[in-house]
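Q: whatever this is, show me its structure:
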Amino acid sequence: MDLELRHLRVICAVADTGSVTKAAARLGLAQPALSAQLHRIERALGGALFERDRRGARPTALGELVLARARVLLPAVRGLQDDVCRMTGSGGGPDHCRIGAVNTPVLIGLVHRFSSEFPQAQVTTLTSWSVVELVGTLVAGRLDFVVIGLCGTAAPPEERGLAWRTVGVDAVGVLLPEADPLANAADVRLADLAAKRWAATRGEGCFGDCFAAECAKAGFTPLPAYETDIVSCIALAQEGSAAVLCKPTLPPMAGLRALPLTGAPLRWRHLLGWHEESPAAPLAAKMAAYAEEAFAEAVRRNPGYAKWLDHNVGDMG
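A: From the prediction side, this is the model:
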């Protein structure tokens with residue numbers, strides 16, 4: 001495995017926080033995923049980078065060497081990218097906008113609004129299930145804006161110079177076939193889904209752990225979940241083979257209903273991110289407004305959910 005800049009960012013995050021768990025939260029990764037990545041980095045470098053115990057993670061001699069080089073290389077690469085952008089005028093501005101997004105109802109409305117105001121502008125999009133990938137591409141200067149999702153109150157990645165704005169909050173819901181008796185209500189109690197198999201799109205962060213914790217509060221352990229793409233999730237829901245975790249702002253689909261979970265035990269925040277020093281930064285306020293409008297429009301597409309939100313604002317906190 002060749003050492004990459006993203007690996008250096010992982011090493012710096014562990015050193016800065018003194019903990020693999022805290023570093024995972026900063027980077028928007030699940031702790032087991034970050035631990036596995038750190039092990040791969042250490043194997044590639046030929047030795048342990050950190051001493052880990054109950055008190056945290058402390059750099060070894062090899063770790064100190066790698067950290068010293070990383071703290072020189074990362075700012076140098078970031079400075080080079082900034083200089084290139086300033087010299088070439090590449091990226092951002094009303095002539096060109098590059099937007100990355102996870103699976104979100106915000107992207108289409110955001111692009112539509114930008115294109116309506118700047119009809120001559122070229123718009124390119126990148127979709128990914130990985131927040132880490134999108135943020136890395138944003139930091140590298142290959143994207144102007146990203147729309148990501150985070151579970152509950154989880155903090156967005158703390159890369160230097162990045163700015164974040166919450167543009168909408170969804171109550172996590174479930175996608176069920178209309179023939180399911182539970183689909184006739186305004187919302188669904190998590191406990192009433194205890195016997196269901198589950199499905200969800202691939203993702204990162206703490207959502208899986210938060211979901212398991214809420215199921216435990218509801219008195220059950222969830223059956224193993226299918227982790228797959230959105231098309232397969234929809235097919236599983238249509239067949240009645242799985243209850244699909246979803247955002248109720250999904251576009252309406254024939255034969256299916258997207259319903260919030262009673263009491264909003266799980267929430268999903270949609271955030272717009274950009275680099276404060278990028279050429280696109282002057283557009284940030286306008287793009288945030290577009291994204292907020294796009295989220296509101298997505299809510300209106302599901303009148304039942306819009307009505308539910310009006311009566312459950314307190315639950316959404």
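Q: output the contacting helices and strands for the helix or strand where E42 lies.
A: Using DSSP states H and E, E42 sits in helix 31-45. If you count contacts as 3 or more C-beta pairs under 8 Å, 6 or more residues apart in numbering; DSSP states H and E, helix 31-45 packs onto helix 5-17, helix 20-27. Yep, even glycine has a C-beta here, placed from its N, CA and C like the rest.
Q: weakest of those helices in terms of mean pLDDT?
A: Ranked by mean pLDDT, the helices and strands packed on helix 31-45 bottom out at helix 20-27, with a mean of 80.
Q: dump that one to PDB, restricted to CA.
A: The C-alpha coordinates for helix 20-27 follow below in PDB (Å, rounded to 0.1, in the frame of the first residue of the first chain):
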ATOM      1  CA  VAL A  20      -8.500   6.500  18.000                       C
ATOM      2  CA  THR A  21     -12.200   6.900  19.100                       C
ATOM      3  CA  LYS A  22     -12.000  10.700  19.200                       C
ATOM      4  CA  ALA A  23     -10.100  10.800  15.900                       C
ATOM      5  CA  ALA A  24     -12.800   8.700  14.300                       C
ATOM      6  CA  ALA A  25     -15.400  11.200  15.500                       C
ATOM      7  CA  ARG A  26     -13.400  14.100  14.100                       C
ATOM      8  CA  LEU A  27     -13.000  12.400  10.700                       C
END
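Q: give the buried residues for that helix.
A: Residues of helix 20-27 classed as buried by neighbour count (16 or more other C-beta atoms under 10 Å): V20, K22, A23, A24, A25, R26, L27.
Q: for K247, state which of these is nearest.
A: Taking C-beta to C-beta as the measure, A25 is the one of those closest to K247, at 22.2 Å.
Q: tell me how far the closest one lies from G152.
A: Here the criterion is C-beta to C-beta, to the nearest Å. By it, A25 lies 12 Å from G152.
Q: what touches both of these two?
A: Listed contacts common to A25 and G152 are C206; contacts here mean C-beta atoms under 8 Å, 6 or more residues apart in numbering.
Q: hmm, back to that, may I have the helix or strand that the helix holding E42 is followed by exported as CSV, CA atoms only?
A: Per DSSP H and E, the first helix or strand lying C-terminal to helix 31-45 is strand 50-53. Provided in CSV are the C-alpha atoms of strand 50-53 (Å, rounded to 0.1, in the frame of the first residue of the first chain):
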residue,chain,number,x,y,z
PHE,A,50,1.1,4.6,18.5
GLU,A,51,1.1,2.9,21.9
ARG,A,52,-2.5,2.3,22.7
ASP,A,53,-4.0,1.5,26.1
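Q: quick one: average confidence on whichever helix or strand comes after strand 50-53?
A: Tracing the chain C-terminally past strand 50-53 and defining elements by DSSP H and E, one meets strand 56-59 next. Average pLDDT, strand 56-59: 92.
Q: shaky segments in the protein?
A: Where the chain drops to pLDDT under 70, the residues are 1, 28-29, 81-94, 313-317.
Q: and it, what are its domains?
A: What automatic domain parsing lists as the domains of the chain is 5-87, 90-317.
Q: which ones are touching the most centrally placed residue in the chain?
A: The C-alpha lying nearest the average C-alpha coordinate of the chain belongs to G149 (C-alpha atoms, centre = their mean; 3.4 Å). Contact partners of G149, counting by C-beta under 8 Å, 6+ apart, are V102, N103, T104, V131, G203, W268, R269, H270, L271.
Q: okay, these in JSON lines with distance to R71, neighbour count and secondary structure next?
A: As requested, these are exported to JSON lines (distance: C-beta to C-beta, whole Å; neighbours: other C-beta atoms under 10 Å; DSSP: H, G, I helix; E, B strand; the rest coil):
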{"residue": "V102", "distance to R71": "30", "neighbour count": "23", "secondary structure": "coil"}
{"residue": "N103", "distance to R71": "35", "neighbour count": "18", "secondary structure": "coil"}
{"residue": "T104", "distance to R71": "34", "neighbour count": "25", "secondary structure": "coil"}
{"residue": "V131", "distance to R71": "24", "neighbour count": "24", "secondary structure": "helix"}
{"residue": "G203", "distance to R71": "30", "neighbour count": "18", "secondary structure": "coil"}
{"residue": "W268", "distance to R71": "34", "neighbour count": "21", "secondary structure": "strand"}
{"residue": "R269", "distance to R71": "31", "neighbour count": "18", "secondary structure": "strand"}
{"residue": "H270", "distance to R71": "33", "neighbour count": "27", "secondary structure": "strand"}
{"residue": "L271", "distance to R71": "27", "neighbour count": "20", "secondary structure": "strand"}
